[in-house]
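K.L.:
no sequence for this one, just the structure:
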């Protein structure tokens, strides 16, 4: 068996002066895998994403991304590691309103050398990489590139956010309820486009949502409350 | 570099607030620089009005008052010096030259000064500069007048123009010396000092104007002396207002000063121009400091306005910060972003403030020169002004650390979670 891309072992986390919020014995995501993680609001989902990104550190256990334990890195190194190996898509209003569509997509390349180099190597230039991704996500109009991000519809904005998460081929794409602002039809269309682009980029996808209707589309699905022993303890 | 671009683009997204902040800073900077410039230019212009004169002698009064009326033509003398006192002092062995000055008349608001030829050969201003004529020559005839450059320009007087002097120093006079008109014999080159706004005539000319006056009023009827009759009279003045002294050796200054102050003929006062000028500055420095302090506070108000605008925007920008964090921005980047924003606002404010200052100076220059004799050149910012501007930038840098630190903390706590 290949080494997992992302692995959690004996992880415990609590906010200061609060009971343990997350207690996960084991969790793993394989390279190229598309995983649906069901997480109702209040289940510690956002905190988990913070731990995966290395923004917070667990009190116990560890998060390993690409074989590198995040706890062993300094805060500065974790920020860098996150930028180089993962892309994020949030619920909505993902884009910086004062930047053009193109600048929004290229944002990770401004902070990560590695992703800029990968994008340039693969497509010749940063702009070509961005245009390729946007076209793959169904945003073909070249006039769109220079438009301010706020001029786009919500659906279009989410696709721009996906392009931003994928530029420079990060190994991991984390999507936090990216479809909750979309209607049912666009939801599936968005996910299919996202799958295709993740496959092309060779990225694993961790998709967090409370909408179980989407779960069958994925390779595998898990529920955070079942994974989280702290939540189980509370229920019992 | 990219952070600066982000900061500017983020600012342009909030351009109304940003513009108002820049405007507030700009106005405060203009005010501060104006105060500073008027202060330093006034000092420079005062200091360059007289040079090479070792002592000024007048009737006993305050030293600042003597300096003001004898050199700057501000205010009036309370008493005169008798002519024989002038003769006694000007012939002291230590004295190299003496310039008599007789004030009290005017022409259309410009002061008239009676003096003699020594004025044109010995008076110095600026850095030891001598008076020179742009046209004509010094007075020769009894009714000749030498006018300053500003008078020639403002009243459009040329050589040969006749002018009637008025009694008293006000702009409006009820008693004119209409019977004895003067003729312009020379026009002086511009000096940037009160000389430009003075009409110089001979002491005998002053005497001729007043020869038939009794008890401060012109004579009537048979007692009246016509201009030509006056030429036949002995016009040795009986008194002058003040005198400027140049000594053979500067080391004698204190000795001569003491001699004048202990003069037995009448109560006199001798001052050193530099010392009196210092006294004047120390008098004015309280007002100067107060003005400076007030304008510095106005700048601080502008900066605090900026601070509150940035702090106020932080909450609605937590989403922006989280997005930046998710694409790899370190908390330190967020800190820098806010500092850069503040610096960009302050720098624009300073540039706009400078532009406003120069525009204001350009507009006010003729008025200042005409009304106050203050010439304000449109020069580059002085080292002192650059220091002030640097201090403003530094202050804004320090203040910017407050919202930047807050954003830094928020970025650490919020992490990647987006707060709406």
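P.N.:
Cool, got the structure. Just so it is clear, the model here is predicted, and its values are computed rather than measured. Numbering: from 1, shown residues only, chains lettered A, B, ... in the order given.

K.L.:
how about the residues of the stretch 1-150 of chain B near chain A?
P.N.:
B:2, B:6, B:9, B:10, B:12, B:13 (CB under 8 Å from any CB of the partner chain). C-beta here means a position set from N, CA and C on the backbone, and glycine is covered the same way.

K.L.:
how many neighbours does the nearest residue to the third one once chain neighbours are set aside have?
P.N.:
Closest residue to residue B:9 in three dimensions, ignoring its sequence neighbours and counting by CB to CB, 6 or more residues apart in numbering or on different chains: residue A:98, at 4.6 Å. When counting by other CB atoms under 10 Å in any protein chain shown, one arrives at 20 neighbours for residue A:98.

K.L.:
Residue A:4 now?
P.N.:
18.

K.L.:
pretty sure it is in contact with residue A:29, am I right?
P.N.:
Yes: shown here, residue A:4 and residue A:29 form a contact pair, counting by CB atoms under 8 Å, at 6.1 Å.

K.L.:
gap between the residue of chain A found nearest chain B and residue B:319?
P.N.:
Of all residues in chain A, residue A:83 sits closest to chain B, at 2.3 Å by CB to the nearest CB. Using CB to CB, to the nearest Å, we find residue A:83 at a distance of 18 Å from residue B:319.

K.L.:
So the two - more neighbours on which side?
P.N.:
For residue A:83 versus residue B:319, neighbours defined as other CB under 10 Å are more numerous around residue A:83 (27 against 20).

K.L.:
How many residues are close by the closest residue to residue A:144 other than its chain neighbours?
P.N.:
Counting by CB to CB, 6+ apart, residue A:144 lies nearest to residue A:101, which is 5.6 Å off, once chain neighbours are set aside. For residue A:101, the count of nearby residues is 27 (other CB under 10 Å).

K.L.:
Quick check: pLDDT value at residue A:101.
P.N.:
What the model reports for residue A:101 is a pLDDT of 92.

K.L.:
and what of residue B:370?
P.N.:
68.

K.L.:
now do the one 3 residues further on
P.N.:
The model reports residue B:373 with a pLDDT of 63.

K.L.:
All the helices of chain A, residue numbers only.
P.N.:
Taking DSSP state H as the test, the helices found in chain A are A:45-52, A:75-85, A:101-111, A:113-123, A:126-136, A:154-166, A:184-201, A:224-227, A:229-235.

K.L.:
out of the ones you listed, nearest to residue B:299?
P.N.:
helix A:101-111 (34.6 Å; CB to CB).

K.L.:
For my notes, please list the helices of chain A in JSON lines and give distance to residue A:64 for each entry.
P.N.:
Converted to JSON lines, the helices of chain A look like this (distance: least, CB to CB, whole Å):
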{"stretch": "helix A:45-52", "distance to residue A:64": "11"}
{"stretch": "helix A:75-85", "distance to residue A:64": "11"}
{"stretch": "helix A:101-111", "distance to residue A:64": "22"}
{"stretch": "helix A:113-123", "distance to residue A:64": "19"}
{"stretch": "helix A:126-136", "distance to residue A:64": "28"}
{"stretch": "helix A:154-166", "distance to residue A:64": "21"}
{"stretch": "helix A:184-201", "distance to residue A:64": "21"}
{"stretch": "helix A:224-227", "distance to residue A:64": "16"}
{"stretch": "helix A:229-235", "distance to residue A:64": "19"}
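
K.L.:
Which one of the ones you listed has the poorest average confidence?
P.N.:
When I compare those, helix A:229-235 is least confident, with a mean of 63.

K.L.:
which SS state does the residue of the stretch 251-400 of chain B found nearest chain A fall under?
P.N.:
Chain A sits closest to residue B:328 of the stretch 251-400 of chain B, with a gap of 2.3 Å, by CB to the nearest CB. Of the three states, residue B:328 takes coil under DSSP: H, G, I helix; E, B strand; the rest coil.

K.L.:
What is the neighbour count of it?
P.N.:
Residue B:328 has 24 nearby residues by other CB under 10 Å.

K.L.:
With residue B:23 instead?
P.N.:
17.

K.L.:
Report the contact partners of residue A:166.
P.N.:
A:87, A:133, A:173, A:197, A:198, A:201, A:203 (CB atoms under 8 Å, 6 or more residues apart in numbering or on different chains).

K.L.:
Next, format those as JSON lines and append distance to chain B and neighbour count.
P.N.:
JSON lines is the format used below for the contacts of residue A:166 (distance: CB to the nearest CB, whole Å; neighbours: other CB atoms under 10 Å in any protein chain shown):
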{"residue": "A:87", "distance to chain B": "8", "neighbour count": "30"}
{"residue": "A:133", "distance to chain B": "15", "neighbour count": "25"}
{"residue": "A:173", "distance to chain B": "11", "neighbour count": "24"}
{"residue": "A:197", "distance to chain B": "17", "neighbour count": "21"}
{"residue": "A:198", "distance to chain B": "17", "neighbour count": "24"}
{"residue": "A:201", "distance to chain B": "16", "neighbour count": "21"}
{"residue": "A:203", "distance to chain B": "15", "neighbour count": "25"}
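
K.L.:
With respect to residue B:240, which of those residues is nearest?
P.N.:
residue A:87 (92.4 Å).

K.L.:
which residues of the stretch 201-350 of chain B fall in strands?
P.N.:
Listed in chain order, the strands of the stretch 201-350 of chain B (DSSP state E, counting those that start in this stretch) span B:239-240, B:242-247, B:268-271.
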